[in-house]
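Undergrad: got a predicted structure here, sequence first:
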Amino acid sequence: MTLLALILLLMAGGIASWLVASRNATTARWIALLSICIDFIVTLAMWASKAGLATRWFAECNLQWIPQFGIRLHLAIDGLSLVMLLLTYFLGIMAILCSWTEIKDRAGFFHFNLLWVLAGITGVFLSMDLFLFYLFWELMLVPMYLLIGIWGHERRIYAATKFFLFTQLSGLLMLIAIISLAIIHQQTTGVFTFDYEQLLGTSLQPNTALLLMLGFFIAFAVKLPIFPLHTWLPDAHTEAPTAGSVILAGLLLKTGAYGLIRFVLPLFPEASRRMAPLMMTLGVIAILYGAVLAVAQSDLKRLVAYTSVSHMGFVLLGVFAGNELALEGAVIQMVSHGISTGALFILAGLLQERMHTREIAQMGGLWETMPSLSGAGLVFAMASLGLPGLGDFVGEFLVLLGAYRANVSLTVIATLGLVAATLYGLRLGQSAFQGPNPHHWKLPDLSFREWAILGPMMICLLWLGLYPQPVLNTVRPSLAAASQQATPTQEIVRR
Amino acid sequence: MYTAHLVVALPLLLMSATTIVAMLAIAIQRNHTAIAAISLIGVGASLWSLLFAASAIPQQLSSLLIFDSYALLYMALILCAAAFVILLSYNYLKQRHEHREEFYILIMLATSGAMVLTASRHFISLFLGLELLSISLYALIAYIRSETISIEAGIKYLVLAASSSSVLLFGLALIYAESGSMDLSQFANALNHAATFPLIAGLMLVFTGVGFKLAVVPFHLWTPDVYEGAPIPVTAFIATVSKGGMFALILRWLHHNTGINGTTGFVLSIIAIASMLTGNLLALTQTNVKRILAYSSIAHMGYAVVALLAGGTLGAPAATYYLAAYFATILGAFGVMTLLSTSHHEAALIEDYRGLFWRRPALAAAFTAMLLSLAGIPLTAGFLGKFYVIAAGAQQSRWVLLFTLVVSSTIGLFYYLRILAAMYAKTSDTAGSETALPLPATVAVAVLTGLIFLLGLYPAPLWNAIVSAAHNLG
């Protein structure tokens, strides 16, 4: 029931802040912040109390819903879900804080949408019923569409519509795959169910499994996003308001990766193994393509958006490498990318609030006038390019280590992505913050609130970079279950 | 025995009686509110009498009509839709200076026609119901005589409906000539592999008449013009009662446990695919919301035909649930349009909806729910409808139809998003013109909005009722 309460609290908080906002916008912000904080604390408490236990599932909630189709309100949390939820609420708090002064217009409805997106994401990370999963998967879309479409920048309607259409088309293909899987399960066992655990053992013809897997994969591939299905991403990320970009990059992309680990690998182990070389190749293409395009961007948010494509390539590579090491790397990469990219989008938002532009050419020499902000910018740029000691490095390193066992040549090419990452990372640091100040900017430095956003994010990145073991320990049982299905004869190399 | 016949026919008898009472009441004294109340009570009584009828089924009334749980279920759907149409009409007509009272008589006549269709098992009752429905609609579409566009739409509908009826008659004659029977079960015989050419040709001609009423491609050409020209409540009536009655008829007589195959299956598949694609593609460029909903209705009928084609244990229930969800949604959408319209201006252009959310948030929120339900987004009735249709199709491995459904409903999403984007666009005047909301239509819209979420979140009761009603179909 706690799990259901997590979702309902966010929904209720959203409605409350919408209703309150007409009288007092600040109260609405506090209500929104408070409801996410409660969820964050509850999840943290769950981590603290359950982390040492041997059981894989920490909590469960299983209620009857549509009995004729065996659809249940089945939520459950394991290590992987828990880590993703912590990330969700952490970034959710940051998203509220960073829009504290940015969103003045219709703040109540803004927070309503923000909280409902988070509720949808929470549902995605907790659902253990495939129908329920699809429901939450779609539920994230509408408020996100409104966030981009109402509070976005110049081409917001175009970007929002593109985002919605891409996700909807791929989502419907996944729905067909989900229903087909349930029907095949019914034909073999006589039980009509959408329950994850029951569907796990469904025996499938190899070719059917392949088709169904592709149905799931395409939905996750659009969200992740994977070249060539990524074209919605630069538009949506660039046009969204800061909080929207943070949630898109930090969380929505992760739902795709989560779906691959939670559903594609365990449900279709054979098919995943068959497709692994292709998937890893796609991952490497994304790594290089994203990085190269990021170097060429002149719009700060667009640059960060393309780095996401590159980073998510590492995740795809790790997921399909077929060993636990790479999977663990993929999860660390998901978490640290969420934080570092989220922080970069927040920085871009802070700069836009001050300078009213996102063009890198308009910046330069900002260190003179805003030393703290520029310093923070450098830290996050370094994290993004994979500097050892910060979170992204651990993720990328583990992924490459694991992928090396699966495919040496692809791994070597993927490593080149790190070189390109250095290029865009340094370009970001140099042309925005360093050098002369040709436009004679005189801008206020970070305020206390802005420190409160960026400071914890830096600490988290450092923590992930220096001591990622707690996170790894938490997710290991889930990943072991996922990859046992995928690789029965794996060579586990333990540290 | 005869009492049982009377009891099952009670819903139909009550509707007819109410029509006569309303006519007499007008002769005594013209009073808009009174007539509207009489019609609403009549529809309510008819709906209530379904409970009694349910205890006496199944019954056959001569060889013309059959009353079983399936017929009663569709009658309930149709009567509910008619009740909502009456609520909307009251509001709509109140703003206009016409003779308002006859409108309700026509609505009730047309409703009776649709009810006859759901229960008919004979060519004669089919034609009787169809004509009762069509002839009332001619007058209803052109009801606002001061509007040339209404008259134009009425004439268009008259000419096309009359010719499609005659084609249908010819088809029925062919089937009769070949089989020597006027029983509607001849439709099912035409589905057999052994069916002769005249039988199949007759069925194809019948599809012309049926397809016209359902507005599926290629019999859809009247739809946008009539939707645009007709008064909003009449448009809602065409979209629900008129289509529902006809769909109930073909679902009953064509539904097959292994799905529809052979020539008929091929033809229907092409109709379904063409409807889904054409409807959604043509809606893309429209700027009039009524026309958009017209084209989208073509696509929605295509989705329902997918479930009909699939058949199996899920086909008929899925199609019925889809229709029920569509009824609630489209009635709600037209309800919001009625509430936004004024005496001299129907809120039909997308521009009329620009910034609506900031001016009248409650109405815009309701309209958002309707549009999302039409697009099939979760938590709404439309999503579960689509889910059931996909499940029915997947169970019978109708992959081509399903992929067309997915692609076309994504195309469809685009124009729903256009309306949404307009509603949420920021406009300069946010003060909002606070006009008082008239009660009947507001209640209707509120109930329908609730219904959409109820059907989207808790489908079990309706689904069970539909499954048990569809159980005795072939």
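TA: Sure, I can see it.
Undergrad: look up how far residue A:126 lies from residue A:4.
TA: 9 Å (Cβ to Cβ, to the nearest Å). Every residue, glycine included, has its C-beta placed from N, CA and C.
Undergrad: got a pLDDT number for the closest residue to residue A:103 other than its chain neighbours?
TA: Once flanking residues are discounted, residue A:103 sits nearest to residue A:110: 5.0 Å by Cβ to Cβ, 6 or more residues apart in numbering or on different chains. Here the pLDDT value assigned to residue A:110 is 91.
Undergrad: OK, contacts around residue A:110?
TA: Going by Cβ atoms under 8 Å, 6 or more residues apart in numbering or on different chains, residue A:110 touches A:99, A:103, A:147, A:150, A:151, A:243.
Undergrad: so which of these is the closest to chain B?
TA: Lowest distance from chain B to the contacts of residue A:110 (Cβ to the nearest Cβ) belongs to residue A:150, with 5.3 Å.
Undergrad: residue A:429 is in contact with residue A:385, correct?
TA: No - between residue A:385 and residue A:429 there is no contact under Cβ atoms under 8 Å: 9.0 Å.
Undergrad: doesn't residue A:61 fall inside a strand?
TA: Yes - the assignment for residue A:61 by DSSP: H, G, I helix; E, B strand; the rest coil puts it in a strand.
Undergrad: check contacts around it.
TA: A:1, A:2, A:3, A:4, A:73, A:74, A:75, A:76.
Undergrad: can you rerun that using 10 Å?
TA: Residue A:61 sits next to A:1-7, A:72-77, A:126, A:128 when contact means Cβ atoms under 10 Å, 6 or more residues apart in numbering or on different chains.
Undergrad: where is the longest helix in the chain?
TA: Using chain A. The longest helix of chain A (DSSP state H) is helix A:156-189.
Undergrad: look at chain B instead
TA: Longest helix of chain B, by residue count under DSSP H: helix B:148-179.
Undergrad: other SSEs contacting it?
TA: Here helix B:148-179 touches helix B:123-141, helix B:185-190, helix B:197-214, helix B:223-229, helix B:232-237, going by 3 or more Cβ pairs under 10 Å, 6 or more residues apart in numbering or on different chains; DSSP states H and E.
Undergrad: tell me the average confidence for that helix?
TA: Helix B:148-179 shows a mean pLDDT of 92.
Undergrad: and the stretch 301-450 of chain A, which residues reach chain B?
TA: For the stretch 301-450 of chain A, no residues are found near chain B under the criterion Cβ under 10 Å from any Cβ of the partner chain.
Undergrad: residue ranges with poor pLDDT in the stretch 301-450 of chain A?
TA: For the stretch 301-450 of chain A, not a single residue meets the criterion pLDDT under 70.
Undergrad: now do the helices in it.
TA: Along the stretch 301-450 of chain A, counting by DSSP state H, counting those that start in this stretch, helices occupy A:324-355, A:366-369, A:371-385, A:391-406, A:408-427, A:448-466.
Undergrad: report how many residues lie close to the nearest residue to residue B:346 once chain neighbours are set aside.
TA: Closest residue to residue B:346 apart from its sequence neighbours, by Cβ to Cβ, 6+ apart: residue B:232 at 6.3 Å. Residues contacting residue B:232 under the criterion other Cβ atoms under 10 Å in any protein chain shown number 26.
Undergrad: hang on, the earlier thing: more neighbours, residue A:385 and residue A:429?
TA: More neighbours surround residue A:385 than the other of residue A:385 and residue A:429, with 25 against 19 (other Cβ under 10 Å).
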